[in-house]
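In: here is a sequence with its predicted model. Questions after.
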4 protein chains.
Amino acid sequence: MVSTAVSAVVPNRRPRIEGDREAEILDAAVRVPADVGYDRLTMDMVASEARAGKATLYRRWQNKAALVVDAVSRAKGIPSPDMPSTGTLRGDLLASWCGREGWSSTLPMSVMGGLMTALHNDEELGAAFREIFSGPRQALARRVFEDVRDRGEIADGVDLDLVMSLLPAVCVHHEFVLNRALDDVFVERVIDAVVLPACHAEQSTAQAGVEPARTVRTAK
Amino acid sequence: MVSTAVSAVVPNRRPRIEGDREAEILDAAVRVPADVGYDRLTMDMVASEARAGKATLYRRWQNKAALVVDAVSRAKGIPSPDMPSTGTLRGDLLASWCGREGWSSTLPMSVMGGLMTALHNDEELGAAFREIFSGPRQALARRVFEDVRDRGEIADGVDLDLVMSLLPAVCVHHEFVLNRALDDVFVERVIDAVVLPACHAEQSTAQAGVEPARTVRTAK
Amino acid sequence: MVSTAVSAVVPNRRPRIEGDREAEILDAAVRVPADVGYDRLTMDMVASEARAGKATLYRRWQNKAALVVDAVSRAKGIPSPDMPSTGTLRGDLLASWCGREGWSSTLPMSVMGGLMTALHNDEELGAAFREIFSGPRQALARRVFEDVRDRGEIADGVDLDLVMSLLPAVCVHHEFVLNRALDDVFVERVIDAVVLPACHAEQSTAQAGVEPARTVRTAK
Amino acid sequence: MVSTAVSAVVPNRRPRIEGDREAEILDAAVRVPADVGYDRLTMDMVASEARAGKATLYRRWQNKAALVVDAVSRAKGIPSPDMPSTGTLRGDLLASWCGREGWSSTLPMSVMGGLMTALHNDEELGAAFREIFSGPRQALARRVFEDVRDRGEIADGVDLDLVMSLLPAVCVHHEFVLNRALDDVFVERVIDAVVLPACHAEQSTAQAGVEPARTVRTAK
DNA sequence: CAATAAACGAGACGGTACGTCGAGTCTTCCT
DNA sequence: AGGAAGACTCGACGTACCGTCTCGTTTATTG
């Protein structure tokens, strides 16, 4: 479990100024690896950058990965939930994904890449990451998409979880698998060519009549 | 550059059975980490599993990541290029993604997660990975999609590269970011709800008249 | 300088029961390490054993070694100066060294071994130790030996300081260097075979005529 | 167990030049702490002085103490067993204890003080120390004393082990407990005033008739 | 009796060294 | 000659303990 969660749940005996030092350390942790990347980042670097003892680091975070997850989450900030609607799904997506505040500006994208290993090896850490980092972002996205559906812009029967994940999925793939730079132009194209069509598609099982999937699957 | 390329281009001094030992080592490398994941895999493990000296490993591969990339590529195998067309895009996709031979069966998905770090930190390695692993798969997919387009099943103006990447993108995101298991049912749903709609969408810039993106972007 | 001196000299602002708490802590310090030895003893152990804060410990003693020196001194107790004479040197030595009250019963001999390091590295601490621990014992011994000499049992010209130190020296060597258990039988043998002969020896420089040390020393 | 013993007993699979690197490291270990003392000496210091990895140190020695014991033993050297007899016990003792080659020159006396802790806490290490360091010295001394006894210079019934230990005992006590510098003059005085009288004393149980120890011990 | 200020318990903190582990290199021996 | 075996350097990891510091909380003396 990551510290943020812990300090929120467990009422520490001595509240202290509460999270004071923690914040400084996380800042330092983000400051340091901006240029080095996750696994060239050492705990000693963070410690000396924050003028902290390593013991202090390990008292609050179980290990390096946990600290970095926390630091990255803080650095990216939780997207402001009071994002004003632009009236259309297209507008909302562009607003939240493009520009200085958008996903593209996720400064430590390289750091996230480095975390993949740890996130997959340590189930608990992965859970913390999804809770702290992905969670709020998904919640925000879901709210946006629900609003839009309620306004009738999304066809009935469309799997909200799926369409919601399209933009992140394509962007992550673009960045990590294809190793291509992400820019606003690309994001816009994806929205127009993928997300909106998926939202407007008739019920996704409509084509079942054309050709049953059974055939293929039984073939294997 | 990774060994496969090297050993293909450079005529090894000692002809030997040619690549014989290499294959054994790669097999060992896949055998070992099936359960441990990339960074719990050590070179010593591979060496002793293959009954080889570490020096031998480093003689053929520049480092651990290069070896694992090679091993994973071999293990997954290059998809057979002579996949018969089923007559529809939907059928072709289901055929190549589902079942025992499909993406879902990519055994060392956990290993790939571990490689992310290395792929991002080492540009050369990333290139090798994309060439050896992604390359053939993308080429195959491209051939399929081009065939389909030539048969008229994909609207004009659709960005082939983009729609081609949709299925992998969503699957990778599902597995790595959401940490959910991939199965044939999910793949089928994605095909129906995302890929096909994107293929049938009218020219992706058509909606520009409805509402110019400019407006929104300037708004932020 | 060690606390005992300090607290005696400086009139504490708040008189309190005066030294009350100090005694409790020293007792705790002796209680704890009975089985662990000096450097497996931690200040936290002492603190929690005494239900005291570490700050309290460091307010009274400069460091761990100072505390342990004090604790050991107290534990051993200062030998009662009113030891009755038995009429012979042999009797006095046996009386003060053997039995339950004797040196052999110096419970924290293992602790003393652990102090060696600190005593040698920290000159000030060593001085305090010699003053608090060795001092009173030497003074007592000196009084005994002087009495005995006055009674004529020790030859003139014998170096009192030297013969005084023989028994402690041999015992310490036995225990620490040879690592053999000390018991009353051994102490008695040393008295008879070493201490008494040295006391009865004619003037120790008498043999200088026999063979001058010069010869050898110049030889080097 | 300490490395010397190990490498002597266990026939290493690969003999190597045998002890090559080990010797270099021990030299470095002695070079470093000459001025700092045992516990200000760190493994990293030794490692970097010897241009060795810490892992190498820990592969050969179980811990810091074991390494230092080995290093000290080597540095002091095993006393040459072919010391020529001077014809008298007094001469032999002076020859072996005084001068540049003597005990006084035991350079790392401060280091030894630091080892006391470890020697007492770690039984195995203490045993190794006594075997490697004390052993040869005691053996040499025993040979000298036996020769002397055979020549008739030591009275019958004298406990050789005891008189043998007198000089070391008094010197160690002088140095460690009294914290006084050891010099040749002091050594000579001890020989004359303590060792020789003990050697010439009549059978050590002779005094039993004078006054039985029982009396005193029952008195307590 | 209430206010005040020192001393206190608790324990977080900076720092330093420990002992472990893995990557990648280098050496020795064997076949 | 080339490879297996494995020792080697390097450097990060996570732990332990020291001695300092900062909290709130007694506690005893004062007003």
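Out: Alright, I've got the coordinates.
In: C-alpha only now, for contacts and for neighbours.
Out: Fine.
In: where does the prediction get shaky in chain A?
Out: Within chain A, the segments meeting pLDDT under 70 span A:1-19, A:33-35, A:76-84, A:99-111, A:202-220.
In: would you map the helices across it?
Out: With helices called from DSSP state H, chain A shows them at A:3-9, A:20-31, A:43-49, A:54-60, A:64-76, A:89-97, A:109-121, A:123-129, A:135-150, A:160-172, A:184-190, A:196-200, A:213-219.
In: okay, stretch A:49-61 in CSV with CA atoms only?
Out: Written as CSV, here are the backbone C-alpha positions of stretch A:49-61 (Å, rounded to 0.1, in the frame of the first residue of the first chain):
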residue,chain,number,x,y,z
GLU,A,49,18.0,15.8,-3.1
ALA,A,50,15.5,16.0,-0.3
ARG,A,51,18.2,16.2,2.4
ALA,A,52,16.5,13.2,3.9
GLY,A,53,17.9,9.9,5.3
LYS,A,54,17.2,6.8,3.4
ALA,A,55,15.5,5.4,6.5
THR,A,56,12.9,8.1,6.2
LEU,A,57,12.2,7.2,2.7
TYR,A,58,11.8,3.5,3.6
ARG,A,59,9.7,4.4,6.6
ARG,A,60,7.0,5.9,4.4
TRP,A,61,7.3,3.9,1.2
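In: quick one: contacts of it?
Out: In this structure, residues lying in contact with stretch A:49-61 by C-alpha atoms under 8 Å, 6 or more residues apart in numbering or on different chains are A:2-3, A:22, A:24-25, A:28-29, A:32, A:43-44, A:46-47, A:67.
In: for the closest residue to A:Leu162 other than its chain neighbours, give me its contacts.
Out: Spatially, and ignoring its direct neighbours in sequence, A:Leu162 is nearest to B:Val190 (7.9 Å; C-alpha to C-alpha, 6 or more residues apart in numbering or on different chains). Listed by C-alpha under 8 Å, 6+ apart, the contact partners of B:Val190 are A:162, B:167, B:170.
In: how about CSV for those residues, with neighbour count and distance to A:Ala181 added?
Out: Output for those, formatted as CSV (neighbours: other C-alpha atoms under 10 Å in any protein chain shown; distance: C-alpha to C-alpha, whole Å):
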residue, neighbour count, distance to A:Ala181
A:Leu162, 20, 24
B:Leu167, 21, 20
B:Val170, 27, 18
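In: return the closest of those residues with respect to DNA strand F.
Out: B:Val170 (31.3 Å; C-alpha to the nearest atom of the strand).
In: I'd guessed A:Leu67 sits against A:Leu26; true?
Out: Yes: here A:Leu67 reaches A:Leu26: they are 7.5 Å apart, a contact under C-alpha atoms under 8 Å.
In: give me the residue at the spatial middle of chain A.
Out: Closest to where the C-alpha atoms of chain A average out (C-alpha atoms, centre = their mean) is A:Ser134, at 3.9 Å.
In: show me what contacts it?
Out: A:Ser134 neighbours (C-alpha under 8 Å, 6+ apart): none.
In: which bits of chain A sit near DNA strand E?
Out: Proximity of chain A to DNA strand E, by C-alpha under 7 Å from any atom of the strand, involves residues A:21-22, A:48, A:50-56, A:59-60.
In: hmm, 6 Å instead?
Out: Listed as neighbours of DNA strand E in chain A under the rule C-alpha under 6 Å from any atom of the strand: A:21, A:48, A:51-56.
In: picking up where we left off before, from the contacts of stretch A:49-61, which single one is nearest B:Leu178?
Out: Distance to B:Leu178 across the contacts of stretch A:49-61 (C-alpha to C-alpha) is lowest for A:Val2, with 18.2 Å.
In: any residue of stretch A:41-57 up close to DNA strand F?
Out: Yes: Stretch A:41-57 comes into contact with DNA strand F (C-alpha under 6 Å from any atom of the strand), by way of A:41-44, A:54-55.
In: what is the burial count for A:Arg21?
Out: 14 (other C-alpha atoms under 10 Å in any protein chain shown).
In: buried residues, stretch A:112-129. List them.
Out: Judged by neighbour count (16 or more other C-alpha atoms under 10 Å in any protein chain shown), stretch A:112-129 contains these buried residues: A:112-121, A:125-129.
In: among the residues you listed, which are within reach of chain B?
Out: Among these, proximity to chain B is found for A:113-118, A:120-121 (C-alpha under 8 Å from any C-alpha of the partner chain).
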